[in-house]
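# below are the sequence and a predicted model for it; my questions follow.
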Amino acid sequence: MDVVMQRIPLDNRWRPWQWRPLQVFDAALPAGQGPHCLRDAADDTRWLFPGFEVELFADEAEGYFLNISAPAPCWFVMWRLEQIGDAEIAVPKTLTLSYNEAARLMDGGEQVDTVPASAPVIGWLRQFVALHYHPEPKKKRRKPSFEGGAEVEKMARAEGEIHGG
């Protein structure tokens, strides 16, 4: 997969611009071509980062399920600012479809943004989830002692008999 990162200007004196992932799509470049600038303008700068391999794992099936269950399934792009030449560029580091993996990255302090997933990607993700996601069965909940139950009634009768009730 390839990722396009975009820098747009902001009307903010503390932060003059913002980086964000713009697009994730099937790899279009031959293997071996590195990141490069697609457009460099004051109002819109775009960099292409090719060659992300996406592998789905059965133990992440719950995270994929949470993603496709959302109103807008998406890619999660973890990126960091890096110096490339004279410019500071947002460089994607991880690309995932797992809601849980994205949450772990954010918990670790990483910058993670989303990009809508295409219909074909959502389709094969649904197929993977159908094969590998098996929710844990709900366990029957025991009533806590403060809610009553046979044991509490038995203890109350015993207390009543001891204290003459």
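Ah, there it is.
# can you pull out the strands in the chain?
Remark: strands assigned in the chain by DSSP state E are 2-9, 17-25, 36-41, 44-49, 74-84, 87-96, 111-116.
# could those strands go into JSON lines alongside mean pLDDT?
Shown next, in JSON lines, are these (pLDDT from 0 to 100):
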{"stretch": "strand 2-9", "mean pLDDT": "95"}
{"stretch": "strand 17-25", "mean pLDDT": "94"}
{"stretch": "strand 36-41", "mean pLDDT": "92"}
{"stretch": "strand 44-49", "mean pLDDT": "95"}
{"stretch": "strand 74-84", "mean pLDDT": "95"}
{"stretch": "strand 87-96", "mean pLDDT": "95"}
{"stretch": "strand 111-116", "mean pLDDT": "97"}
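# among those, which is nearest Ala102?
Distance to Ala102, taken as C-beta to C-beta, is lowest for strand 74-84 among the strands of the chain, at 3.7 Å. Glycine gets a C-beta too; all of them are placed from N, C-alpha and C.
# list the neighbouring strands of that closest one plus their orientation.
In the sheet, strand 74-84 lines up against strand 87-96 (antiparallel), strand 111-116 (antiparallel) (DSSP bridges).
# could you figure out how far it is turned away from strand 2-9?
70 degrees (axes from the mean of the first three to the mean of the last three C-alpha atoms, to 10 degrees).
# now do the buried residues in strand 74-84.
Within strand 74-84, the residues that count as buried by 16 or more other C-beta atoms under 10 Å are 74-79.
# out of those, who's nearest Tyr99?
So of the buried residues of strand 74-84, ranked by how close each gets to Tyr99 (C-beta to C-beta), first place is Phe76, at 7.5 Å.
# bridged to that closest one, which residues?
Per DSSP bridges, residues listed as beta-bridge partners of Phe76: Thr96, Thr114.
# tell me the contacts of it?
Going by C-beta atoms under 8 Å, 6 or more residues apart in numbering, Phe76 touches 94-99, 101-102, 105, 112-114.
# repeat for Leu66
99-100.
# one more time with 6 Å
Residues near Leu66 by C-beta atoms under 6 Å, 6 or more residues apart in numbering: Tyr99.
# what of Cys37?
By C-beta under 6 Å, 6+ apart, the contact list for Cys37 reads Trp47.
# do you know how far it is from Asp86?
Distance, Cys37 to Asp86, by C-beta to C-beta, to the nearest Å: 12 Å.
# how many residues are close by Pro135?
8 (other C-beta atoms under 10 Å).
# tell me, how many residues neighbour Phe57?
Close neighbours of Phe57, defined as other C-beta under 10 Å, add up to 13.
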